[in-house]
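Colleague: just coords:
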């Protein structure tokens, strides 16, 4: 899924870059670009082509927290999504992380609940027994299903979506942490507790 998004972003970026090259000699109407209520200047201004606003890939990506790098050898724009940047920073800085053993202990003591933020189909295959499943894409809309007095140990297929889930929860005043090592580490810690 992430790979498809990356490929789509690269294709769109290349199309935008090509449109500027082809139309460089033409005078095109420019448009103002606003992100989160602030006007943003771009090194190549957004333009209107065939009733569509064409915006440089770099200015959008970087203003949303992502990274764009030009790979001259492969002649392609490589985008690191904001989710990936966020997840890597989260792990690098050790922010809101619980070792799996701590998470398992707190769950056993009914002080925490496991939250799986993967899609329901994945949870049905190998979810942690007793865990609550709310996909990260639905989390903001399903806060009413959560107990504000409970701590949440969050995992996903990768730490990136777990970090996003924890960010969404903490912004809404929930006490939540990414389980270091995810589902597998939690299950191992859980089994060790019950031996």
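Modeller: Yep, it's here. Note that the structure is predicted; figures quoted are calculated from it, not measured.

Colleague: pull up the gap between residue 123 and residue 50, please.
Modeller: 43 Å (Cβ to Cβ, to the nearest Å). C-beta: built from backbone N, CA, C; applies to glycine.

Colleague: okay, these two: which has more neighbours?
Modeller: Between residue 123 and residue 50, counted using other Cβ atoms under 10 Å, residue 123 has the larger neighbour count: 18 against 6.

Colleague: surely the more buried one touches residue 117?
Modeller: No - Residue 123 is not in contact with residue 117 according to Cβ atoms under 8 Å; the separation is 9.2 Å.

Colleague: quick one: residue 125 from residue 160, how far?
Modeller: Between residue 125 and residue 160 the computed distance is 20 Å (Cβ to Cβ).

Colleague: those two: which is more packed in?
Modeller: Taking neighbours as other Cβ under 10 Å, residue 125 and residue 160 compare with residue 160 leading, 21 against 8.

Colleague: and the gap between the more buried one and residue 36?
Modeller: 22 Å.

Colleague: in three-state terms, how would the nearest residue to residue 173 once chain neighbours are set aside be classified?
Modeller: In space, and not counting its chain neighbours, residue 173 is closest to residue 148: 6.9 Å by Cβ to Cβ, 6 or more residues apart in numbering. Assigned with DSSP: H, G, I helix; E, B strand; the rest coil, residue 148 falls in the coil class.
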